[in-house]
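*Asks:* Provided below for reference: sequence and predicted model.
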Amino acid sequence: MASYFIGIDIGTQGARVVLADAKGTIVSSAEQIFPLNDQSREEQSPEEWWSACYHSLSALLQSAGGKTIAHNIKAITVTSTSGTVIPLDGNNQPLHNAIMYSDKRSVHQAEKCTAAAVKFHNRGYTAFNFSSGLPKMVWFQETYPEKAAKIAKWIHAADFVTGMLSNVWGITDYTNAFKSGYDVSKYEWPEYLHTQLSLKKEWLPNVVPSGTVIGTIAKNIAEKLGLPETVKITVGITDGCASQIASGAINPGEWNTTIGTTMVIKGVTLNEVPDPYGRLYSHRHPEGYWMPGGASNTGADWVTNEFGDDLVNLNERARGLIPTHHIAYPLRQEGERFPFSAPQARGFEPEGLTKAERFAANMEGVAYLERYAYEMIEELSGEEVNAIYTAGGASNSDTWLKIRSNVLNKPVYKMKHVSGAVGAAILATSKTYYGSLTEAVKHMALIEKEIHPEKALAEQYDTDYHRFIEVLKQKNYIKEEADA
């Protein structure tokens with residue numbers, strides 16, 4: 001009899017659940033949307049998350065084919081947003097709404113946390129900003145001292161749903177704890193959190209690797225959903241890392257590029273990758289490796305905003321134009337953060353191009369930026385980038401995949417399933433069915449297509465790439481000493 005696993009993703013705008021078998025086949029899925037407004041970007045109700053999660057699970061199980069499948073569900077894992085935190089009282093009830101990663105009210109506290117980390121610890125993650133969990137904890141205790149006096153534990157978004165499923169509280173994983181100040185190198189909460197930021201030691205959760213089994217499903221939840229009480233609940237993971245798992249980039253030397261609104265690059269290295277310019281930061285892999293990554297302000301937002309009415313035709317016309325030999329950089333906001341840090345950066349493209357030429361040249365520009373990122377990563381890490389898996393809206397363009405493979409001069413693997421919920425389902429198998437996360441990904445992360453470079457085209461793109469880099473240097477967006 002087949003075994004099945006559930007992945008749950010609590011996102012900013014809704015709950016999504018998937019049911020997968022041990023071969024990576026998606027059997028069923030369900031979701032429920034949250035209303036999104038200015039207030040919900042700052043705070044959201046954990047109880048509403050749970051309600052959406054419960055109803056999505058109920059719908060999922062109803063559509064999955066009845067009791068036979070339900071009785072063979074083995075494990076559940078939850079993923080959610082990084083940097084979202086919740087204060088709990090002694091009865092594991094929220095003292096306040098979840099403070100969202102996108103809440104900007106803790107900007108001042110982020111500066112305070114960064115200064116304390118650099119001065120008193122100066123290792124691991126020290127570049128705290130308003131999207132990090134730690135500044136939000138400090139902000140809360142300064143803003144609501146009466147509520148802070150009742151805190152029993154701080155938890156993260158995924159931890160809350162995991163707790164509701166298992167009735168096990170006060171446990172989190174490396175990836176969620178990372179931006180709350182946890183030192184993933186020494187596997188400890190640093191002393192400066194208590195001595196300089198006044199967070200009580202008992203407030204901070206125990207930290208274990210993602211996928212660790214922490215219990216079984218709570219009896220009342222199992223009865224309501226028609227699940228066996230033997231279903232294992234594991235500690236969760238952040239949404240970005242869950243998507244990386246789904247992408248297949250889980251072994252040293254494997255990397256994932258997701259080009260959606262922005263370009264996000266994540267991979268696996270044997271060693272931590274220090275970056276003096278703060279472009280990269282490194283999560284801890286569940287198996288002890290490192291998971292460095294960075295996010296650009298450049299991506300594919302320009303595609304839908306400027307070319308969305310004619311994409312099929314434009315992709316076909318662009319295929320006949322490459323390489324264009326035009327140098328373009330489709331940054332559509334002020335400033336760049338990865339793979340170089342340049343607050344003054346602005347996008348550019350040659351004047352007088354046709355619509356199809358603009359489209360093709362801008363796709364090439366993103367590919368050049370991707371190559372620069374991987375060259376920088378190899379220089380900083382001293383480790384090779386062996387394989388590149390891809391996801392996001394840009395991966396739906398065969399022309400863009402061809403451009404990227406030839407600019408990178410490496411094979412590019414487009415994955416079939418890349419959502420955070422799928423990554424959570426894969427993680428659910430890693431210590432309950434398979435012997436490791438590596439083994440789980442090998443069996444469950446499915447490649448949809450492979451794109452390989454063509455020698456002549458790759459050689460032409462190599463010349464144009466170096467022209468692109470020279471233009472960035474001339475504009476002072478990247479500096480000679482920061483090329484690595």
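*Replies:* Sure, I can see it. Fair warning: this is a prediction, and the values are worked out from it, not measured in the lab. Residues are numbered from 1 along each chain as shown.

*Asks:* Just give the closest residue to residue 465, not the sequence neighbours.
*Replies:* residue 368 (5.1 Å; Cβ to Cβ, 6 or more residues apart in numbering). (Glycine included, C-beta is placed from N, CA and C.)

*Asks:* any idea which element that neighbour lies in?
*Replies:* In the assignment (DSSP states H and E), residue 368 maps to helix 355-381.

*Asks:* for that helix, which positions count as buried?
*Replies:* 356-377, 380-381 (16 or more other Cβ atoms under 10 Å).

*Asks:* ok, now stretch 203-218?
*Replies:* Quick answer for stretch 203-218 (16+ other Cβ under 10 Å): 203-205, 207-211, 213-218.

*Asks:* Closest to residue 419 out of those?
*Replies:* Distance to residue 419, by Cβ to Cβ, is smallest for residue 210 among the buried residues of stretch 203-218, at 16.5 Å.

*Asks:* Quickly note the distance from that closest one to residue 428.
*Replies:* Going from residue 210 to residue 428 by Cβ to Cβ, to the nearest Å gives 10 Å.

*Asks:* Run through the chain and note the low-pLDDT ranges.
*Replies:* Within the chain, the stretches with pLDDT under 70 are 66, 480-484.

*Asks:* Show me it divided up by domain.
*Replies:* Using automatic domain parsing, the domain parsing of the chain gives 4-235, 249-415+454-482.

*Asks:* Residue 27 touches residue 19, doesn't it?
*Replies:* Yes - with contact defined as Cβ atoms under 8 Å, residue 27 reaches residue 19; the gap is 4.6 Å.

*Asks:* Neighbour count: these two, which is higher?
*Replies:* residue 19 (26 against 18; other Cβ atoms under 10 Å).

*Asks:* On the strand side of things, show who that one bridges to.
*Replies:* Residue 19 has these beta-bridge partners by DSSP bridges: residue 6, residue 28.

*Asks:* residues contacting it?
*Replies:* By Cβ atoms under 8 Å, 6 or more residues apart in numbering, the contact list for residue 19 reads 4-6, 26-29, 60-61, 64, 69, 73, 425.

*Asks:* that older thread, ok, the residue nearest to residue 465 to residue 308 distance?
*Replies:* Applying Cβ to Cβ to residue 368 and residue 308 gives a distance of 23 Å.

*Asks:* can you count the residues close to residue 354?
*Replies:* By the criterion of other Cβ under 10 Å, residue 354 has 10 neighbours.

*Asks:* Could you tell me which other helices and strands the helix or strand hosting residue 118 packs against?
*Replies:* Residue 118 belongs to helix 107-120 when elements are defined using DSSP H and E. In terms of contacts (3 or more Cβ pairs under 8 Å, 6 or more residues apart in numbering; DSSP states H and E), helix 107-120 is packed against helix 133-143, helix 192-195.

*Asks:* residues in contact with the residue nearest to residue 465?
*Replies:* So residue 368 contacts 407, 464, 465, 468, 469 (Cβ under 8 Å, 6+ apart).

*Asks:* change it to 10 Å
*Replies:* Contact analysis of residue 368 by Cβ atoms under 10 Å, 6 or more residues apart in numbering lists 327-329, 403-404, 407-408, 461, 464-469, 471-472.

*Asks:* how distant is stretch 118-129 from the center of its chain?
*Replies:* Put simply, stretch 118-129 sits 21 Å off its chain's centre (Cα atoms, centre = their mean, to the nearest Å).

*Asks:* Just the buried residues of it, please?
*Replies:* Neighbour-count burial for stretch 118-129 flags 121, 124, 125, 126, 128 (criterion: 16+ other Cβ under 10 Å).

*Asks:* go on, stretch 267-286?
*Replies:* 267-269, 272-273, 275, 277, 279-286.

*Asks:* re earlier: and the next element down the chain from the helix holding residue 368?
*Replies:* Using DSSP H and E, the first helix or strand after helix 355-381 is strand 387-391.

*Asks:* Neighbouring strands of that following strand in the sheet, and parallel or not?
*Replies:* strand 254-259 (parallel), strand 412-415 (parallel).

*Asks:* got the ones you listed as a markdown table, with distance to residue 342 columns?
*Replies:* Shown next, in a markdown table, are the strands paired with strand 387-391 (distance: least, Cβ to Cβ, whole Å):
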| stretch | distance to residue 342 |
| --- | --- |
| strand 254-259 | 20 |
| strand 412-415 | 27 |
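
*Asks:* ok, and which of those strands has the densest surroundings?
*Replies:* Comparing these by mean neighbour count (mean count of other Cβ atoms under 10 Å), strand 254-259 comes out on top with a mean of 25.

*Asks:* between the helix or strand following that one and strand 254-259, how many degrees?
*Replies:* Moving toward the C-terminus from strand 254-259, the next helix or strand (DSSP H and E) is strand 263-267. The directions of strand 263-267 and strand 254-259 differ by 170 degrees, with axes from the mean of the first three to the mean of the last three Cα atoms, to 10 degrees as the criterion.

*Asks:* partners of strand 263-267 in the sheet?
*Replies:* Here, using DSSP bridges, strand 263-267 pairs with strand 254-259 (antiparallel), strand 290-295 (antiparallel).

*Asks:* surely residue 96 meets residue 43?
*Replies:* Yes - at 7.7 Å, residue 96 counts as touching residue 43 under the criterion of Cβ atoms under 10 Å.

*Asks:* more neighbours, those two?
*Replies:* Set residue 96 next to residue 43 and count neighbours by other Cβ under 10 Å: residue 96 wins out with 18 against 14.

*Asks:* what are the ranges of the helices in the stretch 151-300 of the chain?
*Replies:* Secondary structure of the stretch 151-300 of the chain (DSSP state H, counting those that start in this stretch): helices located at 157-166, 174-178, 192-195, 219-225, 239-247.

*Asks:* Any chance of a markdown table for those, columns distance to residue 476?
*Replies:* As requested, these are exported to a markdown table (distance: least, Cβ to Cβ, whole Å):
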| stretch | distance to residue 476 |
| --- | --- |
| helix 157-166 | 40 |
| helix 174-178 | 32 |
| helix 192-195 | 36 |
| helix 219-225 | 57 |
| helix 239-247 | 30 |
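
*Asks:* Single out the most deeply packed of these.
*Replies:* Most buried of these, by mean neighbour count (mean count of other Cβ under 10 Å): helix 239-247, with a mean of 29.

*Asks:* Report the inter-axis angle for it versus strand 254-259.
*Replies:* Angle of helix 239-247 versus strand 254-259, following the same axes, to 10 degrees, is 110 degrees.

*Asks:* and the angle from helix 239-247 to helix 157-166?
*Replies:* Using the same axes, to 10 degrees: helix 239-247 against helix 157-166 is 70 degrees.

*Asks:* Need the CA coordinates for helix 239-247. PDB is fine.
*Replies:* C-alpha atoms of helix 239-247 as PDB (Å, rounded to 0.1, in the frame of the first residue of the first chain):
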ATOM      1  CA  ASP A 239       9.100  29.100   2.800                       C
ATOM      2  CA  GLY A 240      12.200  30.000   0.900                       C
ATOM      3  CA  CYS A 241      14.000  26.900   2.100                       C
ATOM      4  CA  ALA A 242      11.000  24.700   1.400                       C
ATOM      5  CA  SER A 243      10.900  25.900  -2.200                       C
ATOM      6  CA  GLN A 244      14.600  25.200  -2.500                       C
ATOM      7  CA  ILE A 245      13.900  21.600  -1.400                       C
ATOM      8  CA  ALA A 246      11.200  21.300  -4.000                       C
ATOM      9  CA  SER A 247      13.600  22.600  -6.600                       C
END
